Each structure stands twice: as C-alpha cells, then as structure tokens.
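>>> Next input, structure requested:
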Amino acid sequence: MVKDILVVKDLQVWFPVRQGFIESLVSKEQRYVKAVDGVSFNIKEKEIFCLVGESGCGKTTTGKGILRLVEPTGGSVKYYGKGKEILLKDMISDALAKGKITKAQAEKMTAEGGIDVRALHKSKMKKLRQKMQIIFQDPYESLNPKQSVYDIVAEPLVVNGIGATEAEREKRVVKALEDAGLRPPKDFMWRYPHEVSGGQRQRVGIAGSLVLEPEFLVADEPVSMLDVSIRSEILKLMLDLRDNKGLAFLFITHDLGVAYVFSDRIGIMYLGKIVELGPTEEVVKHPAHPYTKALISVVPTPDPEMRRNQIILKGERPDPSNMPPGCRFHPRCPFVMDICRKEAPATVFVSEGHWVSCHLEKGQAK
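Numbers count the residues shown, from 1 in each chain. Alright, predicted model coming up:
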C-alpha cells in the first residue's frame, strides 16, 4: 500500500490589507486577502500531484505555506516522510521533558508518525527543510549572479552544517550536479549563472534542491520560463528523479497540457480554493466543474481538423479581499443558478478519488 508523504488540511494563508489612516479610524474590521482559503489534499510517496489554475489563484502561496516560507494563518500540514523519525523523536523527548505532553500523548504521536509542520520551532523546521525543498520558477532571479555554480549548490550544505570537510561537500555537489543532468559536473562547477543557458540555470536550481537529499519537492512552475524544446528535458529529469530517487512532487503550473502528460493526480484551483480534484486522466476526460471545463476547452490540440466548443469566461475575478457570497466562481460561471449566489457548494464525490465543489453536481457528499 502506498503511503501518504504529506497531508494538507484546511490550509489558510491570509494577508492583512493595509489601511489608510482615515479608513483605519472608520473601519472596525480588519480585511484580509484570502490567498489560500481552506485547501485540503494529500500527496503519496513517489507521486506527482499537480495544482493547476490561472495566475493569482494561490498555487504558489499554497506551496510556500506548506514549507512555511510564508506562515499559514490556519489549517494543518502533516509530513510523513522517512526523514521524520529522528526529528519526531527529538520533539517528543523535548515535550515530555518540559511537561507539555503526557506519556499517553507521546505514544499517540509516535503511533501516528506524522510531523505537524506548523507546530515546529524554527530550529526544528530548519532540519525538516532538508527533506522538503523547493524549485523556484525563475532561474534568472533565484540564482545569485555573484556566486559560482559550486557556491550556489554548496550553500545549503554550509547553512545546514553538512559536510565535515570541503572535499566531502564537493563530493555531494558533484553528485547533485550529475543528478540534475549537468555532466560532466566539473565543466559547470566554476562557471557563473550568466555563463550557462536558461535550461542549465534551471538545472543548477534543481541541483541546489537535490544536494540535501530531500524526499519531497515543491516545483513552482519550473518550466514556464524555458523554451518549449527545453521544457521536455526538465520534465523528463523530474520523472527520472521520481523513479530513481523516489521523490514526491507538488507540481505547480498554469498549463493544463503539461499537467495532463506529467502528473498522477490534479487539483484545479480557483481564487484560493481547490474546486476539483482527482486522477489526472479522470479530471481531464470527465471534468465536472465549469471552471475545469473552461480550462480544458482552450487547451491547444495538435490535430488541425479537431474543433472544440471553447468556453470563454467573461468578467473579472472577484477581489480576494472581498469575496462574493456563495460560490466564488459564480460571477464568471456560464451555468450560474440562484443558489450559487447564496450558498457555498458542498464537496461531492463524482467517482473513485474524484471530487468537485459545485451545485451542478448531486453526488455523494464528501
């Protein structure tokens, strides 16, 4: 049985809206931009789970919230990877010594085995991040132009105090560069970012994530800045990392075509919420939510004879600091009903592992 490596439940990331002096005197209620507003999903070992949605829907903030690169406002993130054992043991020992938990609670925590990411102290979170890494979207901005490739990839080792000698660190850097497809690695180690191509830059970023030997990676649109000819190489690299190293991925993209050929399961995100989730093949071939149908209808097809009835959404997305009542998609939905404007839709099962939040679906409640 394949186990979960990550379980996210009701994750919230809200940002307070800055108010002017007069507005702060008049308004009694603090307003928030609800970038992520109650997102739940799980990721299994060696699985590629894809979050898809238009720009600004909260995909990247979800990934950063999981890693606590931005602090979540609410919800829980549980990590069940193999690298948790030592950290969990230390946490339980510390909590018992300080009288924060009983022996019965300690036994329960050991049995459950998951680490509550949000509850970790910064020092413990630093250790956990060795197993949970991120690949950033823009290799032109994420790499320090003043550092060599070697220094960029070795920096996580220095920060985490890994490697007793420089020779040991160099060995790990060489291995990471090889795993990222930069061969022979010594031809790249002493170059600077401006001396390599865009695809090679992204591989340097991937090597920087791999050098700590993680189990889980957040890949934040890692191919959106690359030429089409290079994208397939990077995607193939990630599939090889999944197959050869057992890595699990949260893959973030706005390109449904990439998600279809690359992911095992897919979550469709709109304005801070996942509106549909299921196996990729099932969601793409049998979409249940109007937003999913609209996204699929405009995906280019290689067959010039094939014609699709494109669904063009009208209007603008609502203000995330002032959400509309009911379903937040109703201002743009071509199938809107009166109930959509009043009540938020329940989550219902469409088929095995496939669920949707929409009033049009009358399946079994989740």
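>>> going forward, measure contacts between C-alpha atoms and count neighbours the same way
Fine.
>>> Could you list the low-confidence segments of the stretch 51-200 of the chain?
Counting by pLDDT under 70, the stretch 51-200 of the chain contains low-confidence residues at 86, 106-107, 109-112.
>>> let's go with 90 and repeat that
Scanning the stretch 51-200 of the chain for pLDDT under 90 picks out the ranges 55-56, 81-116, 119-129, 137-142, 163-165, 198.
>>> Check the stretch 201-350 of the chain too.
In the stretch 201-350 of the chain, residues with pLDDT under 90: 224-231, 257, 261, 297-324.
>>> Would you state the helices of it in chain order?
Secondary structure of the stretch 201-350 of the chain (DSSP state H, counting those that start in this stretch): helices located at 228-245, 256-262, 280-285, 290-297.
>>> Could you give the number of residues near the nearest residue to Tyr192 once chain neighbours are set aside?
Leaving aside its sequence neighbours, Tyr192 sits nearest to Ser148 (CA to CA, 6 or more residues apart in numbering; 4.5 Å). Counted by other CA atoms under 10 Å, the residues lying close to Ser148 total 19.
>>> Does Ser148 touch Asp187 like I think?
No: counting by CA atoms under 8 Å, Ser148 stays clear of Asp187, with 12.0 Å between them.
>>> tally of neighbours for Val283?
Neighbours of Val283 (other CA under 10 Å): 25.
>>> what residues are up against the spatially most central residue of the chain?
Note on the chain: the residue nearest the mean C-alpha position is Gly63, at 3.4 Å, using CA atoms, centre = their mean. When contacts are counted by CA atoms under 8 Å, 6 or more residues apart in numbering, Gly63 touches Val218, Asp220, Leu250.
>>> JSON lines for these, including neighbour count and distance to Val356?
Shown next, in JSON lines, are the contacts of Gly63 (neighbours: other CA atoms under 10 Å; distance: CA to CA, whole Å):
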{"residue": "Val218", "neighbour count": "26", "distance to Val356": "24"}
{"residue": "Asp220", "neighbour count": "22", "distance to Val356": "24"}
{"residue": "Leu250", "neighbour count": "23", "distance to Val356": "20"}
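>>> any chance of those residues in TSV, with distance to Gly315 too?
Formatted as TSV, the contacts of Gly63 follow (distance: CA to CA, whole Å):
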residue	distance to Gly315
Val218	32
Asp220	27
Leu250	30
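>>> which one of those is nearest Pro72?
Val218 (16.1 Å; CA to CA).
>>> Looks like that closest one contacts Thr253 (just checking).
No: counting by CA under 8 Å, Val218 does not reach Thr253; the two are 11.1 Å apart.
>>> Ramachandran coordinates for Ser40?
Backbone dihedrals for Ser40, given as degrees, to the nearest 10, come out at phi -130, psi 130.
>>> re the thing from before, tell me the most buried of the helices of the stretch 201-350 of the chain?
By mean neighbour count, with neighbours taken as mean count of other CA atoms under 10 Å, helix 290-297 ranks first of the helices of the stretch 201-350 of the chain at a mean of 20.
>>> circling back to that earlier point, what's the helix or strand for the residue nearest to the centre of the chain?
Secondary structure assignment for Gly63, by DSSP states H and E: helix 59-67.
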